[in-house]
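In: Predicted coordinates and the sequence they were generated for:
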Amino acid sequence: MAIAVIGLSACHNQNDNSIKDFIPGAYVNQARSDYSIANDTLIIAPGKNTDNIYLITRKTGYRRIVDGKLMPLQHQVKHWSGEWDSQKQILQVMQTGNFLLFQPDKNSLLNGSSEYNKR
């Protein structure tokens with residue numbers, strides 16, 4: 001029985017490490033609605049001197065649509081931090097409470113219902 005527990009623990013740690021190896025990088029999402037066109041990039045990097053904190057930079061470029069006309073390009077940059085939860089296998093953004101779910105098999109992450117593809 002002890003061997004089974006050790007085996008399951010090793011499997012979980014191996015899965016956790018493979019996802020954590022996948023996390024750092026840039027992820028992009030493009031969205032369009034009747035009101036705007038947006039390009040969103042999340043840049044995720046490991047924090048210094050910690051194993052479960054990540055630094056997240058969100059860069060958004062968007063153009064509003066007013067009366068059917070595209071307005072000038074606008075930019076936003078936000079800086080967040082996230083904490084990796086190895087049991088739930090998610091990265092929680094501390095400032096917003098959002099959860100990032102990584103999908104290495106799809107080379108993407110989910111932020112709510114938005115899918116970001118890794119570059």
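Out: Ah, there it is.
In: give me the number of residues near residue 110?
Out: Neighbourhood size, residue 110 [other C-beta atoms under 10 Å]: 15. C-beta: built from backbone N, CA, C; applies to glycine.
In: is it true that it touches residue 91?
Out: No. Judged on C-beta atoms under 8 Å, residue 110 makes no contact with residue 91 at a distance of 10.8 Å.
In: which residues are common contacts for the two?
Out: Each of residue 100 lies in contact with both residue 110 and residue 91 under the rule C-beta atoms under 8 Å, 6 or more residues apart in numbering.
In: Would you map the strands across this structure?
Out: Listed in chain order, the strands of the chain (DSSP state E) span 25-32, 36-46, 53-66, 69-70, 74-85, 90-93, 99-103, 108-111, 114-118.
In: Let me have those in CSV, extended by mean pLDDT and distance to residue 16.
Out: What follows is these, written out as CSV (pLDDT from 0 to 100; distance: least, C-beta to C-beta, whole Å):
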stretch, mean pLDDT, distance to residue 16
strand 25-32, 97, 17
strand 36-46, 98, 14
strand 53-66, 98, 14
strand 69-70, 97, 44
strand 74-85, 98, 9
strand 90-93, 98, 11
strand 99-103, 98, 11
strand 108-111, 98, 16
strand 114-118, 98, 18
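In: Out of these, the one nearest residue 19 is which?
Out: Shortest distance between residue 19 and the strands of the chain, using C-beta to C-beta, is found for strand 99-103: 5.4 Å.
In: Adjacent strands (with direction) for that closest one?
Out: Applying DSSP bridges, strand 99-103 is found paired with strand 90-93 (antiparallel), strand 108-111 (antiparallel).
In: and the angle from it to strand 25-32?
Out: 110 degrees (axes from the mean of the first three to the mean of the last three C-alpha atoms, to 10 degrees).
In: what separates strand 99-103 from the chain centre, distance-wise?
Out: Remark: strand 99-103 is offset 6 Å from the chain centroid, using C-alpha atoms, centre = their mean, to the nearest Å.
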